[in-house]
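Asker: this one's sequence-less:
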């Protein structure tokens, strides 16, 4: 966002000043509104994975047992974090593109009454799959009220509904580089009262990622260690802008862009990877005979459009189009036009303009 | 630095691009030159404390025993990190302003042959005290060749001589916000071959701060997790600028600014806190009857000059003047002039212009 870029290029503030304190407090309040919580939000100088590790090491110990939902690469990261820190865990392993249902999560919890936490993604970015967090949280709280719910919402925040307090999500994580459209380097965590209580009781918290210490200090506009000042200045700007637009408006736009992208791609013969497609990113298999690798190369080489490929077992098989952050509905048309042009050059048989027509039809519903 | 600020406000690059890879590789090479090492330098998205924790958790385990030099608040941080991670340690506790000598470090190592590492600051910023790393490393390597040397050089780098390879320093740490004059949010670690070997053999490395993984990936211009892209763009610019000036020149300037500041303050009746004063920051007790707190407030309120105070037992007793980063020799005269003006207003008896005269005499030796 140009305003945030300009703000970040101002001469740096010192972090032990009244001016920075005000700015940190305002950013924290803005994040509370965006995460829909009245409880603590902690800002860390790290990328999102640092915040995921902080959640695991502060909240859990070898006395706990985590249920890890693995719907792709980022779910796998929860499992690796538990492994690294000796946290016993059980995983629900989903096929690529499948979301975990509230039922199967509760079944797994029922199977092992020792489980104390569920670790999940709001959106599994590697396959473009959304989890129905509202229903999942509802079912867990009804049947297993003692179980903590920890959500990696790095790409889910501001692209799909997310009510931290209302749904009883204990820790929700995000980062600066997705919907906030900032450079990477900041991560955020919400902490419910009971999560903070459990974290405070942890006899061996980590040092740099000490969430209890940060929560206490950040309430006063301080931080335990030198904060990433320029990025927080950018955050202040970008959260103001988001709240100015209104959360409902931001979410509606995210949904519209995702629907238009999905319809557009399908009109060209692409198949969605996910049966529960997310609003943050669309993952799709190309039409028969079209190489996803060649398509990506042409998009970047000929037209300067960078899209992502697959990871793990989906490597070289799919394309992924992100539609979040500094991206608006007209960008959907640019991307689809570019894909049509490249497919034509690659000799694919497509009905010219069909993706744009399908996307327009979606956009017109607004 | 204006060039770095401009560079950081350019539209963001994606980190999985050839362009960013080139930039990361060049920044890494520049850091190698600046740290005076041919071995790995790892860049992390965290502030300096994150890198200190990474050094402790990757290199050491409960089988090790660390000798921790505590000459102030930052030395204390090494001790707290060892405590946090169950690393047995012994500390050498120095009075405020005293440096640890090579002799006493070696005596402590002799006393306990189980010791495997020395954790120390190049400059203890809380008291403005420099350690003679060259002599310390020389003595340790001569008598205890198996002992690893880990240096927090967050403020020492580029303000005092530092030869990572030549002196056999195993891990040297710095951060973006001091001599590099960038916003906070990046930290750096060098790894000697034997440090990397020990780190690779660690059966339970941390996840986000996994130095072996980062070292391997960063050799190829990649990173294990999303890097703090905008700050790395700034780093590229600022390291180029530093190498363009030449390291000898940068160090000579740092020394000159420190000497001029020390002489200027002493001419006004200030007493240095340190008997081994550092070039990064000068800590001093004010003349009898002058309140350091009032002086700091006036400097900021009347003239917009921000200086630091004391921490811990030195709280409200000293002033600390940083002279590193985006700071040049003429800034020394601004700060001293401002101090003279404030002292006058506070009714202190000073010889007008005496600090400037003393500082000029030092600057003229150049």
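Answerer: Nice, I can see it. Remember, it's a predicted structure, so these values are computed and weren't measured experimentally. Numbering: from 1, shown residues only, chains lettered A, B, ... in the order given.

Asker: Run a quick neighbour tally on the residue of the stretch 251-366 of chain A found nearest chain B.
Answerer: Of all residues in the stretch 251-366 of chain A, residue A:306 sits closest to chain B, at 5.7 Å by Cβ to the nearest Cβ. In short, each C-beta sits where N, CA and C put it, glycine included. The tally of other residues near residue A:306 (other Cβ atoms under 10 Å in any protein chain shown) stands at 14.

Asker: One more: residue A:301?
Answerer: Residue A:301 - counted by other Cβ under 10 Å - has 10 other residues nearby.

Asker: which element is it on?
Answerer: Following DSSP states H and E, one finds residue A:301 within helix A:292-303.

Asker: pLDDT of that helix, averaged?
Answerer: Across helix A:292-303, the average pLDDT comes to 95.

Asker: Now for the residue of the stretch 251-366 of chain A closest to chain B: which residues touch it?
Answerer: Residue A:306 is in contact with A:299, A:300, B:14, B:17, counting by Cβ atoms under 8 Å, 6 or more residues apart in numbering or on different chains.

Asker: between the residues you listed, which is nearest residue B:251?
Answerer: Comparing these against residue B:251 with Cβ to Cβ places residue B:17 closest, at 35.4 Å.

Asker: where does the nearest residue in space to that closest one that is not next to it in sequence land in three-state SS?
Answerer: The spatially closest residue to residue B:17, leaving aside those adjacent along the chain, is residue A:306, at 7.2 Å (Cβ to Cβ, 6 or more residues apart in numbering or on different chains). Applying DSSP: H, G, I helix; E, B strand; the rest coil to residue A:306 yields a three-state assignment of coil.

Asker: do residue A:189 as well
Answerer: Classification of residue A:189 using three-state DSSP returns strand.

Asker: Check what pLDDT it gets.
Answerer: Confidence for residue A:189, expressed as pLDDT, is 98.

Asker: what sits against it?
Answerer: Residues in contact with residue A:189, defined by Cβ under 8 Å, 6+ apart, are A:41, A:42, A:44, A:51, A:54, A:55, A:171, A:172, A:173, A:211.

Asker: For the stretch 201-350 of chain A, which residues are neighbours of chain B?
Answerer: Applying the criterion Cβ under 8 Å from any Cβ of the partner chain, the portion of the stretch 201-350 of chain A that neighbours chain B consists of A:204-208, A:225-231, A:306.

Asker: same thing but at 7 Å, please
Answerer: Applying the criterion Cβ under 7 Å from any Cβ of the partner chain, the portion of the stretch 201-350 of chain A that neighbours chain B consists of A:206, A:207, A:208, A:225, A:226, A:227, A:228, A:229, A:230, A:231, A:306.

Asker: shouldn't the first one be in contact with residue A:57?
Answerer: In this case it means residue A:206. Yes. Using Cβ atoms under 7 Å, residue A:206 is in contact with residue A:57, at 4.8 Å.

Asker: between the two, which one's more packed in?
Answerer: It is residue A:57, of residue A:206 and residue A:57, that has more neighbours when counted by other Cβ under 10 Å, with 24 against 21.

Asker: Now do the SS call for the more buried one.
Answerer: Under the three-state scheme (three-state DSSP), residue A:57 adopts helix.

Asker: Report the separation between it and residue A:35.
Answerer: Between residue A:57 and residue A:35 the distance, using Cβ to Cβ, to the nearest Å, works out to 21 Å.

Asker: now residue A:289
Answerer: From residue A:289 across to residue A:35, the span is 44 Å (Cβ to Cβ).

Asker: go on, residue A:139?
Answerer: As defined by Cβ to Cβ, residue A:139 lies at a distance of 22 Å from residue A:35.

Asker: Quick check: residues of the stretch 51-200 of chain A near chain B?
Answerer: If contact is defined as Cβ under 7 Å from any Cβ, the residues of the stretch 51-200 of chain A in contact with chain B are A:53, A:80, A:81, A:84, A:177, A:183, A:184, A:185.

Asker: Mean pLDDT per helix and strand in chain A: which one sits at the bottom?
Answerer: Across the helices and strands of chain A, the lowest-confidence element by mean pLDDT, DSSP states H and E is helix A:2-8, at a mean of 79.

Asker: what's downstream of that one, the next helix or strand?
Answerer: helix A:18-35.

Asker: Please enumerate the helices of the stretch 1-150 of chain A.
Answerer: With DSSP state H, counting those that start in this stretch as the definition, the stretch 1-150 of chain A shows helices at residue ranges A:2-8, A:18-35, A:48-59, A:73-84, A:102-111, A:133-143.

Asker: and the longest one, does that touch chain B?
Answerer: Okay, so that is helix A:18-35. No. Counting by Cβ under 7 Å from any Cβ, no contacts exist between helix A:18-35 and chain B, the nearest distance being 10.1 Å.

Asker: And that helix, what's buried?
Answerer: Counting neighbours by 16 or more other Cβ atoms under 10 Å in any protein chain shown, one finds that the buried residues in helix A:18-35 are A:20, A:21, A:23, A:24, A:25, A:27, A:28, A:30, A:31, A:32, A:34, A:35.

Asker: Against which helices or strands is that helix packed?
Answerer: Contacts defined by 3 or more Cβ pairs under 7 Å, 6 or more residues apart in numbering or on different chains; DSSP states H and E place helix A:18-35 against strand A:40-45, helix A:229-245.

Asker: In CSV: these, plus mean neighbour count.
Answerer: Formatted as CSV, the helices and strands packed on helix A:18-35 follow (neighbours: other Cβ atoms under 10 Å in any protein chain shown):
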stretch, mean neighbour count
strand A:40-45, 26
helix A:229-245, 21
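
Asker: could I get those as TSV with distance to residue A:90?
Answerer: Conversion of these to TSV gives the following (distance: least, Cβ to Cβ, whole Å):
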stretch	distance to residue A:90
strand A:40-45	28
helix A:229-245	36
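
Asker: Mean pLDDT for those - can I get that in CSV?
Answerer: Putting the helices and strands packed on helix A:18-35 into CSV (pLDDT from 0 to 100) gives the following:
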stretch, mean pLDDT
strand A:40-45, 98
helix A:229-245, 95
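
Asker: shouldn't residue A:130 be in contact with residue A:276?
Answerer: Yes. Look at residue A:130 against residue A:276 with Cβ under 7 Å: they come within range, at 5.4 Å.

Asker: Pull up the overlap in contacts between the two.
Answerer: For the pair residue A:130 and residue A:276, residues contacting each of them under the criterion Cβ atoms under 7 Å, 6 or more residues apart in numbering or on different chains are residue A:99.

Asker: the more surrounded of those two?
Answerer: residue A:130 (24 against 19).

Asker: Might you report the residue contacts of the residue nearest to the more buried one when sequence neighbours are not counted?
Answerer: For residue A:130, the nearest residue in space outside its immediate sequence neighbours is residue A:278; the separation is 3.9 Å by Cβ to Cβ, 6+ apart. Contacts here follow Cβ under 7 Å, 6+ apart; on that basis residue A:278 touches A:123, A:128, A:129, A:130, A:159, A:160.

Asker: Among these, pick out the one closest to residue A:107, please.
Answerer: residue A:129 (19.5 Å).

Asker: Tell me how many other residues crowd the closest one.
Answerer: 27.
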